[in-house]
Structure formats: structure tokens, C-alpha cells
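Trainee: Below is the structure, and that's it, no one-letter string:
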Ligand SMILES: [Zn+2]
């Protein structure tokens, strides 16, 4: 089953040890909205966003943050916009040294 789905499903032991978001095994198995680190049995799902300009990533969402998919896609766009503004305006000094950017 794809992690991108409309319903929340419990995290399996395999989910907890998998590669998420291109990181080391298990490290990025977290809610993209609040940062919660999923444990086995926690409900989660993924939201497809890779079609959104400057708001890709297909984030995972926890039970607390879950909402209608359209609402989550909007919130994800807003998070990206907030991040870009922080990096490019308030924290430009630090970001110029970073290679993690979009
Ligand atoms: Zn969350």
C-alpha cells in the first residue's frame, strides 16, 4: 500500500525503519506539519504535493494534524512559503552558507 492515501493507517515496524524523504533509515519518519516522530502503531498517511510548484515533498501527516487533503495541501504550500521567507529575508546570513535549499 502506498503511503499516499486518504485514510490514516497504523505505522508498521517496517515503516519505522524505512527510508523517508531520502534520509537515513527511519530518521525522517515524522509528521511534516508538527514534527512528531512516528512510533509503531501511530496513525499516519502521506499527502501528495509533488505537483505543487515550490511545495513538493509528499509530507506525512499525523492523527493530530490530519485534515481534508485539499486543506493539508494548502497548509503545505503555506509552510513552504514561510520557510522561503525566513531563509531569504530574516535568516539570509545563515542560509547563504547552507546547501539544503530550494
Ligand atoms: Zn502532526
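Mentor: Thanks, I have it. Since the model is a prediction, treat every value here as computed from it, not as a measurement.

Trainee: show me where pLDDT drops low in this structure?
Mentor: 1, 97-102 (pLDDT under 70).

Trainee: Which residues of it lie near the ion?
Mentor: By the rule Cβ under 5 Å from the ion, the part of the chain lying against the ion is 31, 33, 34, 36, 62, 65. No exception for glycine: its C-beta is placed from N, CA and C like everyone else's.

Trainee: ok, what's across the strand from residue 46?
Mentor: Counting by DSSP bridges, residue 46 is bridged to residue 4, residue 60.

Trainee: correct me, but it touches residue 61?
Mentor: Yes: taking contacts as Cβ atoms under 8 Å, residue 46 lies within contact range of residue 61: 7.5 Å.

Trainee: who's more crowded, the two?
Mentor: residue 61 (23 against 16; other Cβ atoms under 10 Å).

Trainee: All good on my end, thank you.
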